[in-house]
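J.: starting from these lines, generate the structure:
(one chain, ligands or ions: 1)
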Amino acid sequence: MKRSVLLGILLAAGAASMAAQTPAAPKVVDILKLKDNLYVLTSSTPGNPATFSGGNVAVFITDGGVTLVDDKLAGWGQAVLDKVKSVTDKPITTIINTHTHGDHTGNNGFFGASVEIVAHENTKTNMEKMDAFKGDNAKFLPKKTYADKLTIGSGKDRIDLYYFGAAHTNGDTWVVFPALRVLHTGDAFAWKDGPLCDRNNGGSCVSFPRTLQKVIAGIKNIDTIIPGHSPMQTPKDLQMYQTFTADLLSHATNEMKAGKSVDEATASFKVDKYPGYKNERVKGSIQAVYDELKK
Ligand SMILES: [Zn+2]
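T.: Coordinates of the predicted model:
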């Protein structure tokens, strides 16, 4: 028997016996109270599959019911519902999907076709390409879409949805709760690191800083930001992220013009001047810039 085949069998056997011995951990998401009628379901940091439930979910409790912004990975719907029920008796009536990815749209089906699902029109198009929304599951696609801006509800229950152009995808919605001065960014501001620009879904690391500039100019009166996959942020943090993405774009553009490789451009990009920033995803962002500029 070839060594590699034997090794494969041994690894598979080991994985199977581990799976048999370790019962799946119960899925529990953490909840954070931001305001009297606004909570965040966290457990959103990627890495550990036992605790990573998908992106941060806003739970907005209005007179008419509960609106969720995003709904985490498939399989986490009951954990989401349990936490919502721990803070309100009201039914979930609306889900806003900030963008197409499965860690933000994974439970549209769990919550059912009676919930109104809202997203940017490009996100609906992107979702139509996903296996999770094919065939019978097409009924869990967004029914309400918009192009530039959409307002849902009024007064203290008002929610404003904005589209400012491509960034993480070509359908990133920025969700504002004006009465509470809170903004949910989805993954257009996911973490303090290089942005993920999903070019298969129209994302663009070249457009990213310009889109963030429009967000900062267009959305005022915010105190608190719910990012995609990290702890709560402030408008100052978003401003720094805009500077970071602009810096990354101009660095990558210059390095490419100078004939440097992606690895060289990554090595010479310094994140030290941005407090709290990592460089785990910088290479991916620089690669995206190179790929976009090559076209
Ligand atoms: Zn995403």
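J.: start to end distance for stretch 176-196?
T.: Terminal residues of stretch 176-196 are spaced 22 Å apart (CA to CA, to the nearest Å).
J.: pull out the buried positions in that stretch.
T.: For stretch 176-196, a neighbour-count test (16 or more other CB atoms under 10 Å) marks 176-178, 180, 182-196 as buried. C-beta: built from backbone N, CA, C; applies to glycine.
J.: can you list the neighbours in contact with the biggest helix by length in the chain?
T.: As assigned by DSSP state H, the longest helix anywhere in the chain is helix 235-257. Helix 235-257 is contacted from outside by 185, 189, 192, 194-195, 205-206, 208-209, 212-213, 215-216, 222-223, 225, 264-265, 268-269, 271, 274, 277, 282, 285-286, 289-290, 293, using CB atoms under 8 Å, 6 or more residues apart in numbering.
J.: kindly export it (C-alpha atoms) in CSV.
T.: Taking C-alpha atoms only, helix 235-257 is exported to CSV below (Å, rounded to 0.1, in the frame of the first residue of the first chain):
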residue,chain,number,x,y,z
PRO,A,235,-17.2,56.4,14.1
LYS,A,236,-13.5,57.2,14.8
ASP,A,237,-12.7,53.5,14.2
LEU,A,238,-14.5,53.6,10.9
GLN,A,239,-12.6,56.8,9.9
MET,A,240,-9.3,55.0,10.7
TYR,A,241,-10.5,52.0,8.7
GLN,A,242,-11.1,54.3,5.7
THR,A,243,-7.6,55.7,6.0
PHE,A,244,-6.2,52.1,6.4
THR,A,245,-7.9,50.9,3.2
ALA,A,246,-6.9,53.9,1.2
ASP,A,247,-3.3,53.5,2.4
LEU,A,248,-3.4,49.8,1.5
LEU,A,249,-4.8,50.6,-2.0
SER,A,250,-2.2,53.2,-2.8
HIS,A,251,0.6,51.0,-1.4
ALA,A,252,-0.4,48.0,-3.5
THR,A,253,-0.9,50.2,-6.6
ASN,A,254,2.6,51.7,-6.3
GLU,A,255,4.3,48.4,-5.5
MET,A,256,2.6,46.8,-8.5
LYS,A,257,3.8,49.6,-10.8
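J.: got the buried residues for it?
T.: By neighbour count with 16+ other CB under 10 Å, helix 235-257 contains the buried residues 235, 237-238, 240-242, 244-245, 247-249, 251-253, 255-256.
J.: what parts of the stretch 151-295 of the chain come near the ion?
T.: Asp187 (CB under 5 Å from the ion).
J.: now do the contacts for Asp193.
T.: Asp193 is in contact with Val271, Tyr277, Lys278, Asn279, Glu280, Arg281, Val282, counting by CB under 8 Å, 6+ apart.
J.: I meant Thr234, not that one.
T.: Applying CB under 8 Å, 6+ apart to Thr234 gives the contacts Asp223, Thr224, Ile225.
J.: dump these to TSV, plus neighbour count and pLDDT.
T.: Listed next are the contacts of Thr234 as TSV, based on neighbours: other CB atoms under 10 Å; pLDDT from 0 to 100:
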residue	neighbour count	pLDDT
Asp223	11	98
Thr224	18	98
Ile225	19	98
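J.: ok, the residues you listed vs the ion, which is closest?
T.: Here the nearest of these to the ion, counting by CB to the ion, is Ile225; it sits at 16.2 Å.
J.: just to revisit the earlier point, out of the contacts of helix 235-257, list just those in strands.
T.: Secondary structure defined by DSSP state E assigns Thr185, Ile225 of the contacts of helix 235-257 to strands.
J.: can you give me the helices for the stretch 151-295 of the chain?
T.: Counting by DSSP state H, counting those that start in this stretch, the segments of the stretch 151-295 of the chain that form helices are 208-218, 235-257, 262-267, 282-294.
J.: Pro46: which of the ones you listed is closest?
T.: helix 282-294 (13.1 Å; CB to CB).
J.: pretty sure Thr93 sits in a helix.
T.: No: remark: Thr93 does not belong to a helix; assigned using DSSP: H, G, I helix; E, B strand; the rest coil, it is strand.
J.: tell me how many other residues surround it.
T.: 15 (other CB atoms under 10 Å).
J.: list the contacts of it.
T.: Gly64, Gly65, Val66, Thr67, Val115, Glu116.
J.: same thing with Ile216?
T.: Ile216 neighbours (CB under 8 Å, 6+ apart): Pro235, Leu238, Gln239, Gln242.
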